[in-house]
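[1] Need a 3D model of the sequence below.
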Amino acid sequence: MLTDDLLARTSAIGPYFAVGTGPRADAAGFVPLARLYGDPALLAEAAADVGRRMGTGDVRVAASTLQLGLASRLWSVALGTAALAGRVPDLSPERLWWRAVPSGPLALWLPDSVAAVPGVPADALHEVVVEGHLTPLAAEMRRVFRLSPQVLRGNAASALVGTLRVLHAQLPHPDFPPLPWARALLDREPLARTGRLSTRGGEVVAFRRRSCCLYYRVGGGVCGDCVLDRSTA
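    Residues are numbered from 1 along each chain as shown. Predicted coordinates:
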């Protein structure tokens, strides 16, 4: 089992790495992520909530932002724990609960004790995050919102690289460097060919994705890794 202390150390890296553990008094509103992936009405409600906070009625932009934010949360908890301990926590959708918040990252909670997933970290990360969460989430996103697979895959890759950047800034000398695992994930389907990663000395120098998350449609400009950003092309 992975200790609550280890997950508390992961949570301390930053807001996107935070995950609650064990019993809690304020559990109202939390539901297993498995329900989000299997209930179109709940997914539509979650996207609409994101749209309200963004001030947009463009449901595809809101849905893309929801998926990108959730991918960032999942990569952060999984990769952050692996960087600290060399082991990937079991974050299966039935075990990991979520709740929307007024602002900031989605709240995550693991009510029960957490085991490590067997196998080398790159394979375990793929099993836990890609197969366990991002694949079923993408299937629902395509069905409910008609989002492009390229957008969803690009979001997943962008979230992974964003997690790497934060880890390098907040945990520059981890016991278990995560960059090789991230490279292996980006070389593997479904993230293969989603973008071009440049690194130097174990640090991400640049990432240019081959798709767009659609954020520009709410007047916020383009993200630094966007295919539409020609300033660093």
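
[2] show me what contacts the one residue sitting closest to the centre of the chain?
    Most central in the chain under C-alpha atoms, centre = their mean is A71, positioned 1.9 Å from the mean C-alpha point. A71 sits next to 129, 133-134, 155-156, 159-160 when contact means C-beta atoms under 8 Å, 6 or more residues apart in numbering. (Glycine included, C-beta is placed from N, CA and C.)

[3] Take those and keep only those in helices.
    Those of the contacts of A71 mapping onto helices are 155-156, 159-160, per DSSP state H.

[4] what residue ranges in the chain are flagged as low confidence?
    215-222, 224-233 (pLDDT under 70).

[5] Which residue ranges of it form helices?
    Assigned by DSSP H, the chain shows helices spanning 4-11, 33-38, 40-54, 59-85, 121-125, 135-145, 149-170, 179-186.

[6] tilt between the last one and helix 59-85?
    Here helix 179-186 runs at an angle of 140 degrees relative to helix 59-85 (axes from the mean of the first three to the mean of the last three C-alpha atoms, to 10 degrees).

[7] how distant is helix 179-186 from the center of its chain?
    Computed by C-alpha atoms, centre = their mean, to the nearest Å, the chain-centroid distance of helix 179-186 equals 15 Å.

[8] Provide the count of other residues in contact range of L167.
    Using other C-beta atoms under 10 Å, L167 is surrounded by 26 other residues.

[9] Next one: it from S76, what distance?
    Separation of L167 from S76 (C-beta to C-beta, to the nearest Å) stands at 8 Å.

[10] and for these two, which residues touch both?
    Counting by C-beta under 8 Å, 6+ apart, the residues touching both L167 and S76 are I13.

[11] show me what contacts L2?
    Residues near L2 by C-beta under 8 Å, 6+ apart: 81, 85, 87, 89, 114-116.

[12] Please name the residues that touch the nearest residue to it once chain neighbours are set aside.
    Leaving aside its sequence neighbours, L2 sits nearest to V114 (C-beta to C-beta, 6 or more residues apart in numbering; 4.7 Å). Shown in contact with V114 (C-beta under 8 Å, 6+ apart): 1-2, 7, 21, 89-90, 95.

[13] go with 7 Å
    V114 makes contact with 1-2, 7, 89-90, according to C-beta atoms under 7 Å, 6 or more residues apart in numbering.

[14] same thing with P149?
    138, 142.

[15] can you put the helices of the chain in TSV and add distance to E203?
    Below are those laid out as TSV (distance: least, C-beta to C-beta, whole Å):
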stretch	distance to E203
helix 4-11	20
helix 33-38	31
helix 40-54	31
helix 59-85	14
helix 121-125	19
helix 135-145	29
helix 149-170	5
helix 179-186	8
